[in-house]
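Peer 1: mind looking at a prediction? Sequence and model below.
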Amino acid sequence: MAITITEAAASRVSTFLANRGKGLGLRLGVRTSGCSGMAYILEFVDELDEGDQVFDEKGVKIIVDAKSLVYLDGTELDFAKEGLNEGFQFNNPNVSSECGCGESFNV
């Protein structure tokens, strides 16, 4: 099982952590939400929880809990700028459908 991160995303996460002044890395997870069933969670991690998996990619630690890893295995985290919009993008091979607004997904 693995999670990967692009150079653009690694750079952005590193900048956020440096500006924050503390933190082990970034938690990537899922929660029940939205019209398709699941939504992604991104949050800073100061302390590991029992059962967390840590993926060290391009100098950034991506932390995933065991429950979320089932849905996120093989996911690539990217960061993109398109015009005035910018944000993280999830390239998740497990997704079978997404809602029209792009906020949630189903596996």
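Peer 2: It's in.
Peer 1: mind listing what's buried along the longest helix belonging to the chain?
Peer 2: When the chain is parsed with DSSP state H, its longest helix is helix 7-20. Within helix 7-20, the residues scored as buried using 16 or more other C-beta atoms under 10 Å are 8-10, 12-13, 17. Any C-beta I mention is one placed from the backbone N, CA and C, and that applies to glycine too.
Peer 1: for those residues, which one is nearest residue 74?
Peer 2: Of all the buried residues of helix 7-20, residue 74 sits closest to residue 9, with 15.5 Å by C-beta to C-beta.
Peer 1: who's residue 77 bridged to?
Peer 2: Under DSSP bridges, the beta-bridge partners of residue 77 are residue 5, residue 90.
Peer 1: same thing with the one 4 residues further on?
Peer 2: When bridges are assigned using DSSP bridges, the partners listed for residue 81 are residue 86.
Peer 1: residues near it, how many?
Peer 2: Counted with other C-beta atoms under 10 Å, the neighbours of residue 81 add up to 10.
Peer 1: distance check, the residue nearest the centre of the chain against residue 60.
Peer 2: Nearest to the mean C-alpha position of the chain, by C-alpha atoms, centre = their mean, lies residue 28 at 3.6 Å. For residue 28, the distance to residue 60 equals 11 Å [C-beta to C-beta, to the nearest Å].
Peer 1: next one: residue 74
Peer 2: Look at residue 74 and residue 60: by C-beta to C-beta, they are 18 Å apart.
Peer 1: thinking again about what came up before, let's see the one helix or strand the residue nearest to the centre of the chain maps to as PDB, backbone CA atoms only.
Peer 2: Element membership for residue 28, per DSSP states H and E: strand 25-33. Output in PDB follows, covering the C-alpha atoms of strand 25-33 (Å, rounded to 0.1, in the frame of the first residue of the first chain):
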ATOM      1  CA  GLY A  25       3.500  16.200   8.300                       C
ATOM      2  CA  LEU A  26       0.100  16.200   6.600                       C
ATOM      3  CA  ARG A  27      -2.700  13.800   7.300                       C
ATOM      4  CA  LEU A  28      -4.600  12.500   4.300                       C
ATOM      5  CA  GLY A  29      -7.900  10.800   5.100                       C
ATOM      6  CA  VAL A  30     -11.500  10.300   4.200                       C
ATOM      7  CA  ARG A  31     -14.800  10.900   6.000                       C
ATOM      8  CA  THR A  32     -18.400  10.200   5.200                       C
ATOM      9  CA  SER A  33     -19.800  13.300   3.500                       C
END
